[in-house]
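>>> show me how the following folds:
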Amino acid sequence: MKQFTAETNLNSTDRVIVASEVLVTVVRQAALEVEGVIGMAPVAGGVNRLLRRGKADGVVIEVSDHTAKVQVHLRVAAGCDMHGVSRSVQTEVARSMVNLVGLDVAAVDVFVDDVAFH
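Okay, the predicted model is just below:
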């Protein structure tokens, strides 16, 4: 299991260690809480540099120098404002990563891979 270290502001010796699975969970939950998101879509092709689990969960995360680049692959509801939903996902994912994990976010790329017609 790969881990990432986020320094706290208390002093130079304090650290917070966050497991990579936690990053995937934080991103996934933030995306699923946005109205219009029906679910996550598996990432097609490529290799998730973080861990295999994220690929199946529709999340790809790269972390370098305490900064994350995130890809989120979504299934959205038919008839929703896809642009608005995507922007909300970007906002919520970035906010969650900063507030819950302490990682800065360089980019949140959103891919709408499927539309669910009910």
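>>> what sits against residue 26?
96, 97, 100, 101 (C-beta atoms under 8 Å, 6 or more residues apart in numbering). In short, each C-beta sits where N, CA and C put it, glycine included.
>>> for those residues, which one is nearest residue 108?
Of all those, residue 97 has the smallest distance to residue 108: 8.4 Å, by C-beta to C-beta.
>>> that closest one contacts residue 67, correct?
No. With contact defined as C-beta atoms under 8 Å, residue 97 does not reach residue 67; the gap is 9.8 Å.
>>> nearest residue to the residue nearest the centre of the chain other than its sequence neighbours?
Taking C-alpha atoms, centre = their mean, the centroid of the chain lies closest to residue 27, which sits 3.0 Å from it. Leaving aside its chain neighbours, residue 27 sits nearest to residue 59 (4.9 Å; criterion: C-beta to C-beta, 6 or more residues apart in numbering).
>>> name the helices or strands packed onto whichever helix in the chain runs longest?
Longest helix in the chain, counting residues (DSSP state H): helix 82-96. Under the contact criterion of 3 or more C-beta pairs under 8 Å, 6 or more residues apart in numbering; DSSP states H and E, helix 82-96 touches helix 20-32, strand 67-77, strand 104-116.
>>> who touches the shortest one?
It stands for strand 67-77. Contacts for strand 67-77 (C-beta under 8 Å, 6+ apart): 23, 27, 31, 36-43, 58-63, 82, 85-86, 89, 93, 97, 103-116, 118.
>>> give me the mean pLDDT for it.
Across strand 67-77, pLDDT averages out at 95.
>>> paired strands for that strand, with orientation please.
Strand pairing for strand 67-77, determined by DSSP bridges: strand 37-40 (antiparallel), strand 59-64 (antiparallel), strand 104-116 (parallel).
>>> now do it against helix 20-32, angle only.
40 degrees (axes from the mean of the first three to the mean of the last three C-alpha atoms, to 10 degrees).
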